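*Asks:* okay, structure incoming, though there's no sequence with it:
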């Protein structure tokens with residue numbers, strides 16, 4: 001059913017809860033699995049009204065709740081009060097240890113929180129391929145949100161280009177107008193006009209898009225566990241990202257990429273510059289990233305861990 005990701009009027013949200021409640025009353029599911037915060041809120045209330053106790057609340061990430069603006073602080077206070085009620089006797093799934101600590105601080109019992117690192121990556125679809133050659137391409141694959149570090153990426157690109165280093169910088173993603181942190185399309189077009197970056201827009205061919213890159217960069221402020229980085233690792237690409245929850249789960253600093261402080265453009269420039277000038281290091285880091293994707297982040301592993309949560313609830 002259609003559920004907008006943004007917060008609507010109270011009447012619209014109550015209507016959404018009632019639609020889910022009617023579905024649950026009709027289907028009588030053994031388990032309901034709510035993914036991301038709004039489904040957790042609406043579906044959790046509907047499940048309680050329908051008398052369903054076997055609830056899985058999968059938190060995809062809490063990053064935006066720690067931003068200073070918009071409705072995030074209000075939503076954080078609401079979730080702090082409601083999350084233990086919405087989980088009930090069920091289970092909460094988080095993607096990184098920092099989010100697990102947040103939930104337990106909110107009152108969800110530690111014994112009901114399960115760490116499953118991300119949604120997994122299809123290592124058969126996302127496979128390594130040699131670099132295309134020529135000028136190294138640095139790719140940021142994400143929705144175009146300021147808290148994804150898009151501004152820092154652009155400034156790093158300016159400085160690296162001003163230093164005369166041969167590199168292309170590409171944004172692969174679209175603005176998210178439902179998100180208050182969205183970069184405007186006009187701003188992106190101005191960057192393109194400036195010549196600092198290429199904009200490829202939303203892409204459905206991510207294996208090919210990642211394969212065209214030499215380096216993948218995501219200077220985010222906080223994540224759950226970004227699938228774009230898992231896909232980059234599976235494609236054998238070195239990663240430059242931030243030492244924040246979610247991102248540091250994918251990258252071991254100096255092993256399959258570099259971790260830099262969030263909002264720190266000089267550190268980002270330094271890490272990117274090191275990789276732009278060292279194709280052998282890019283190759284070695286890419287190989288180690290592929291190994292991590294296969295052994296730690298495959299879809300098969302994530303599916304097995306999720307089914308284990310279901311079995312807990314049914315036992």
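*Replies:* Here it is on my side, so go on. For clarity, every value in this text was computed on a predicted model and none was experimentally measured.
*Asks:* which residues does residue 288 contact?
*Replies:* Residues in contact with residue 288, defined by CB atoms under 8 Å, 6 or more residues apart in numbering, are 252, 255-256. From N, CA and C alone the C-beta is placed, and that goes for glycine too.
*Asks:* now with 6 Å, please.
*Replies:* If you count contacts by CB atoms under 6 Å, 6 or more residues apart in numbering, residue 288 has them with 255-256.
*Asks:* which strand or helix spans it?
*Replies:* For residue 288, the host element (DSSP states H and E) is helix 279-296.
*Asks:* just the buried residues of that helix, please?
*Replies:* Within helix 279-296, the residues that qualify as buried are 282, 285-286, 288-290, 292-293, 296, counting by 16 or more other CB atoms under 10 Å.
*Asks:* make JSON lines from these and add distance to residue 310 to it.
*Replies:* Formatted as JSON lines, the buried residues of helix 279-296 follow (distance: CB to CB, whole Å):
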{"residue": "282", "distance to residue 310": "40"}
{"residue": "285", "distance to residue 310": "36"}
{"residue": "286", "distance to residue 310": "35"}
{"residue": "288", "distance to residue 310": "33"}
{"residue": "289", "distance to residue 310": "30"}
{"residue": "290", "distance to residue 310": "30"}
{"residue": "292", "distance to residue 310": "26"}
{"residue": "293", "distance to residue 310": "25"}
{"residue": "296", "distance to residue 310": "21"}
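*Asks:* what about residue 100, how many neighbours?
*Replies:* As a burial measure, residue 100 scores 20 neighbours (other CB atoms under 10 Å).
*Asks:* test my guess that it contacts residue 111.
*Replies:* No - shown here, residue 100 and residue 111 do not form a contact pair, counting by CB atoms under 6 Å, at 11.7 Å.
*Asks:* sorry, back to before: mind checking what helix or strand follows the helix holding residue 288 in sequence?
*Replies:* Next along the chain from helix 279-296, counting by DSSP H and E, comes helix 299-314.
*Asks:* so, low pLDDT: which residues of the protein?
*Replies:* 6-7, 63-72 (pLDDT under 70).
*Asks:* which parts of it are helices?
*Replies:* With DSSP state H as the criterion, the chain has helices at 10-27, 37-49, 72-87, 97-105, 150-162, 185-194, 206-211, 227-234, 265-276, 279-296, 299-314.
*Asks:* distance to residue 142 added to those helices, as a markdown table?
*Replies:* Listed next are those as a markdown table, based on distance: least, CB to CB, whole Å:
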| stretch | distance to residue 142 |
| --- | --- |
| helix 10-27 | 27 |
| helix 37-49 | 19 |
| helix 72-87 | 18 |
| helix 97-105 | 19 |
| helix 150-162 | 8 |
| helix 185-194 | 13 |
| helix 206-211 | 11 |
| helix 227-234 | 6 |
| helix 265-276 | 15 |
| helix 279-296 | 18 |
| helix 299-314 | 21 |
